[in-house]
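Chemist: fold the following, please.
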Amino acid sequence: MGDQTVKIGDQEIIIREMTVAEVDQWIERKGEGELKGSATSAILFDDPFLLEDLASVSSLGVEELARLTPPVVEQIRQAAEKANPPFFAVRRKLREVMEEALQSSIENSAESSAVLSAPATPTP
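Modeler: Residues are numbered from 1 along each chain as shown. This is a model prediction of the structure:
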């Protein structure tokens, strides 16, 4: 597919197609906690993503992306997803796994709290 150019106003933004090695590096950075989420992205967009994700595939840096309006960022996200379907599939799968792990942790914590707060049964 190759690189694509998205024209927004008078600015041309290059959307790069990621290589397998770049996706691997992104996963490593994600696992090491280098890429941290923004509550804003989670609230503004149906498919929460990080500006760092878009910076990984575009000619814009995080700070430049942060200065754009949500509809413009969404245009860039759509172009990036079109150019990088495997990357976005990996992102979605990682998010699902992380949400499941969080839910499991919450449930285990609630069960532990219930056991700890249960009244002690007197022994005869």
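Chemist: let me know the pLDDT of Glu96.
Modeler: Each residue has a pLDDT score; the one for Glu96 is 80.
Chemist: cool, and Val62?
Modeler: Value for Val62, per-residue pLDDT: 87.
Chemist: so it touches Ser56, yeah?
Modeler: No - using CB atoms under 8 Å, Val62 is not in contact with Ser56; the gap is 9.8 Å. For the C-beta atoms, the positions are set from N, CA and C on the backbone; glycine is no exception.
Chemist: more crowded one of those two?
Modeler: Between Val62 and Ser56, Ser56 has the larger neighbour count (other CB atoms under 10 Å), namely 20 against 15.
Chemist: what about the helices in this structure?
Modeler: Ranges of helices in the chain, per DSSP state H, are 20-31, 39-44, 51-57, 62-66, 70-83, 85-117.
Chemist: pick the most buried one from those helices.
Modeler: helix 51-57 (a mean of 22; mean count of other CB atoms under 10 Å).
Chemist: now for it, which elements pack on it?
Modeler: Helices and strands touching helix 51-57, by 3 or more CB pairs under 8 Å, 6 or more residues apart in numbering; DSSP states H and E, are helix 20-31, helix 62-66, helix 70-83.
Chemist: the same query, at a cut-off of 7 Å, please.
Modeler: helix 62-66, helix 70-83 (3 or more CB pairs under 7 Å, 6 or more residues apart in numbering; DSSP states H and E).
Chemist: for those helices, give me CSV that also has distance to Leu94.
Modeler: CSV is the format used below for those (distance: least, CB to CB, whole Å):
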stretch, distance to Leu94
helix 62-66, 19
helix 70-83, 15
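Chemist: Glu17 is nearest to which of the ones you listed?
Modeler: The minimum distance between Glu17 and the helices and strands packed on helix 51-57 falls on helix 70-83, with 5.1 Å, by CB to CB.
Chemist: from the chain's centroid, how far away is that closest one?
Modeler: Distance of helix 70-83 from the chain centroid (CA atoms, centre = their mean, to the nearest Å) equals 14 Å.
Chemist: how near is the closest residue to Ile8 other than its chain neighbours to Glu81?
Modeler: Nearest residue to Ile8 in three dimensions, chain neighbours excluded: Val72, at 5.6 Å (CB to CB, 6 or more residues apart in numbering). The spacing between Val72 and Glu81, counted by CB to CB, to the nearest Å, is 15 Å.
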